[in-house]
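Participant: Mind folding the following:
(one chain, ligands or ions: 2)
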Amino acid sequence: MLLLSIESSCDDSAIALTEIDSRKLILHKKISQEIEHARYGGVVPELASRLHAVDLPKLLESALPWFKEITAVAVTNEPGLAVTLNEGVMMAKAFATFQKVPLIPVHHLKGHIYSLFIEKPTRLPMLVILISGGHTMVLRVLGLQEMEVLATSMDDSVGESYDKVAKMMGLGYPGGPIVEALAREGDPDRFELPVPLRNSPLIAFSLSGLKNAVRLTVEKLGGPDKMSEQDRRDLAAAFQKALITHLIQKIRKILARESIPDVALVGGASANLAIREAFDSLCREYGKRLHTAPLEFCADNAAMIGRYGLDALAEGLTCSPEEITVSANRKLQPGMKL
Ligand code: KG4
Ligand code: ZN
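Facilitator: Ligands and ions are numbered 1, 2, ... in the order given. Model (predicted):
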């Protein structure tokens, strides 16, 4: 018995097949639209939706040999871009109707959390730091349906700020891996950038001020075309240093008060090795264990949607094709449940 899972919340079309009893991944494939969106410096929703309409059926075709063994379909139905979520949900609905199998609606952020458990048993409770292109938050995760937001970003997300900094320096999209690679070679102390909310007692994140400080520095250097390779490396290093200092300062306060011993870092930006190392030392300082997903499952993928789907299926959290709905972004605040 296999679970088919589908992801299309942003700019990656992905499907996976997971064995329901053993949790083994049978197939996982993804077609990324990064190149198509790169020339616009960010995701263009209508273009993304059109590309999903082309790529999702191609991916589904690769699962054809297993069609008869599929007994449930999990699909991301929130949050994300409504026009792209719709593409995956429509394909899941058509498949579920035709094959007469149940649907499992999956919250994309819960999927990122379950990327920790791909081909592994579920291990909860956990304090989860989620840093992606769309979100930055800390959650107390006790169970499948017990996830509470403890802190969020008041403006840009971590991934988004890397993307914007890359764009300001005239680099490509997505900016995360490019800025991280530059930062590794740069001097983080050449430019002094402000650590956000440094003197505020708020346990929240804010990255737009730091982004503006990067913009002003680029302008002072004469714009992206006048910057030398060393300027780019040093500015990337200074940006990343201020961002990490900010994340650590705020999350330290949460670790100090929460008794849960397991901490996890998930989401596309959790692939960043400098961020991983900083959280590894922080966790050791507080006697906590840091968990991360394998690098290939940090960014959007369908394996994590399937892994959440397995636990949801076991709890009977299924619906019919008529019942599933799509919802785009809703502002998450501390105290809210996912
Ligand atoms: O989780 P994800 O694939 O999509 C969302 O759900 O948003 O995350 C994509 C984001 C992009 O903003 C990308 O720049 C960022 O993750 N990212 C990184 C790194 N790799 C990807 N950010 C910082 N450092 C990286 N190495
Ligand atoms: Zn994501």
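Participant: Indicate the residue of the stretch 201-338 of the chain located nearest to ligand 2.
Facilitator: residue 300 (4.3 Å; C-beta to the ion). Backbone N, C-alpha and C define where each C-beta goes, glycine included.
Participant: Check which helix or strand that residue maps to.
Facilitator: Assigned by DSSP states H and E, residue 300 falls within no helix or strand.
Participant: how about the worst-scoring helix or strand of the chain on mean pLDDT: buried residues?
Facilitator: Lowest mean confidence among the helices and strands of the chain (mean pLDDT, DSSP states H and E): helix 34-38, at a mean of 88. By neighbour count on 16 or more other C-beta atoms under 10 Å, the buried set for helix 34-38 is residue 37.
Participant: Which strands and helices lie in contact with it?
Facilitator: Applying 3 or more C-beta pairs under 8 Å, 6 or more residues apart in numbering; DSSP states H and E, we find helix 34-38 packed against helix 45-61.
Participant: Could you give the bridge partners of the residue nearest to the residue of the stretch 201-338 of the chain closest to ligand 2 when sequence neighbours are not counted?
Facilitator: Leaving aside its sequence neighbours, residue 300 sits nearest to residue 12 (C-beta to C-beta, 6 or more residues apart in numbering; 4.3 Å). For residue 12, the residues forming beta bridges with it (DSSP bridges) are residue 32.
Participant: Contacts only, for residue 12.
Facilitator: Remark: with contacts taken as C-beta atoms under 8 Å, 6 or more residues apart in numbering, residue 12 is in contact with 30-33, 299-301.
Participant: Quick check: residues of the stretch 151-300 of the chain near ligand 1?
Facilitator: Residues of the stretch 151-300 of the chain lying close to ligand 1 by C-beta under 6 Å from any ligand atom are 159-160, 162-163, 174-177, 180, 267-269, 271-272, 299-300.
Participant: Spell out which parts of the stretch 101-250 of the chain neighbour ligand 2.
Facilitator: Contact residues (C-beta under 5 Å from the ion) of the stretch 101-250 of the chain with ligand 2: residue 132.
Participant: I'd like the C-alpha coordinates of stretch 81-94 written as PDB, please.
Facilitator: Extracted in PDB, the C-alpha atoms of stretch 81-94 (Å, rounded to 0.1, in the frame of the first residue of the first chain):
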ATOM      1  CA  LEU A  81       0.200  30.900  -3.500                       C
ATOM      2  CA  ALA A  82      -3.500  30.200  -4.100                       C
ATOM      3  CA  VAL A  83      -2.900  29.800  -7.900                       C
ATOM      4  CA  THR A  84      -0.100  27.300  -7.500                       C
ATOM      5  CA  LEU A  85      -1.700  25.300  -4.600                       C
ATOM      6  CA  ASN A  86      -4.700  24.900  -6.800                       C
ATOM      7  CA  GLU A  87      -2.700  23.000  -9.500                       C
ATOM      8  CA  GLY A  88      -1.600  20.300  -7.000                       C
ATOM      9  CA  VAL A  89      -5.000  20.100  -5.300                       C
ATOM     10  CA  MET A  90      -6.800  19.700  -8.700                       C
ATOM     11  CA  MET A  91      -4.500  16.900  -9.700                       C
ATOM     12  CA  ALA A  92      -4.900  15.200  -6.300                       C
ATOM     13  CA  LYS A  93      -8.700  15.500  -6.500                       C
ATOM     14  CA  ALA A  94      -8.800  14.000 -10.000                       C
END
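Participant: Okay then, goodbye and thanks.
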